[in-house]
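Chemist: predicted structure and sequence below. I'll ask about it afterward.
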Amino acid sequence: MPIILLPIIFLGLPLIEIAGFVLVGKTIGLWWTLALVILTSLAGIVLLRNQGLSMLRNATRESQEGRLPGKSLVSGAMVVIAGVLLILPGFFTDIIGLLLFIPAVRHLLWSLIGKRVVVMRTARGTSATYRSENPQHTKHASEPTVLDLDERDFHRAPNTSSPWSDPDNRKD
């Protein structure tokens with residue numbers, strides 16, 4: 001994300017939310033507006049708890065079955081973001097949060113970003129890499145090769161002639 005977008009987001013989002021409060025407050029009144037803000041915050045907490053735990057269970061089950069957990073993890077992250085957006089006061093963030101709770105919207109976002117997601121799982125002495133289900137994905141020359149080494153694969157002996165080495169261990 002370009003750095004120029006950060007000030008626009010941090011200045012623009014509060015202005016949009018303030019405008020939303022003014023418009024909704026004029027339409028339905030102050031007390032109903034405050035009640036609506038509190039209601040959406042409570043709904044966000046409840047939905048985050050229920051949907052978040054469900055997504056976590058699905059991701060764990062898929063991982064244990066050896067399937068790609070990437071979609072479940074990203075979908076779970078979107079649910080967490082949606083819950084946080086609902087908890088925050090404001091109507092614009094509530095709309096985005098409610099949209100992220102809709103599975104079709106999450107599926108659409110996954111289809112846009114799923115090609116770039118790589119999930120890596122490591123366990124004692126083993127590692128597995130899952131790529132998204134995109135069969136056209138091929139490794140490009142710009143993508144780095146990752147080598148996962150442990151102590152058995154690589155060991156560096158200390159340089160005793162270095163002035164920064166421990167003087168008690170130096171051989172003179």
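Modeler: Ah, there it is. Numbers count the residues shown, from 1 in each chain.
Chemist: walking through the protein, point out its strands one by one.
Modeler: 118-123, 126-131 (DSSP state E).
Chemist: what's the least confident stretch among these?
Modeler: Sorting these by mean pLDDT places strand 126-131 lowest, at a mean of 51.
Chemist: any regions of the protein where pLDDT drops low?
Modeler: Applying pLDDT under 70 to the chain picks out residues 1, 68-70, 117-143, 155-156, 165-172.
Chemist: tell me where the longest helix sits in it.
Modeler: helix 30-64 (DSSP state H).
Chemist: counting by contacts, list what it packs against.
Modeler: Counting contacts by 3 or more C-beta pairs under 8 Å, 6 or more residues apart in numbering; DSSP states H and E, helix 30-64 packs against helix 5-28, helix 70-87, helix 91-101. Heads up, the C-betas are built off the backbone N, CA and C, glycines and all.
Chemist: who touches the residue nearest to Leu85 when sequence neighbours are not counted in this structure?
Modeler: Distances taken as C-beta to C-beta, 6 or more residues apart in numbering put Gly97 closest to Leu85, at 3.3 Å, once the chain neighbours are dropped. Gly97 makes contact with 44, 81-86 under the criterion C-beta atoms under 8 Å, 6 or more residues apart in numbering.
Chemist: the same query, at a cut-off of 7 Å, please.
Modeler: By C-beta atoms under 7 Å, 6 or more residues apart in numbering, the contact set of Gly97 is 44, 82, 85-86.
Chemist: show me what contacts the nearest residue to Gly25 once chain neighbours are set aside?
Modeler: Of all residues not flanking Gly25 in the chain, Thr33 sits nearest, at 4.5 Å (C-beta to C-beta, 6+ apart). Thr33 is in contact with 21, 24-25, counting by C-beta under 7 Å, 6+ apart.
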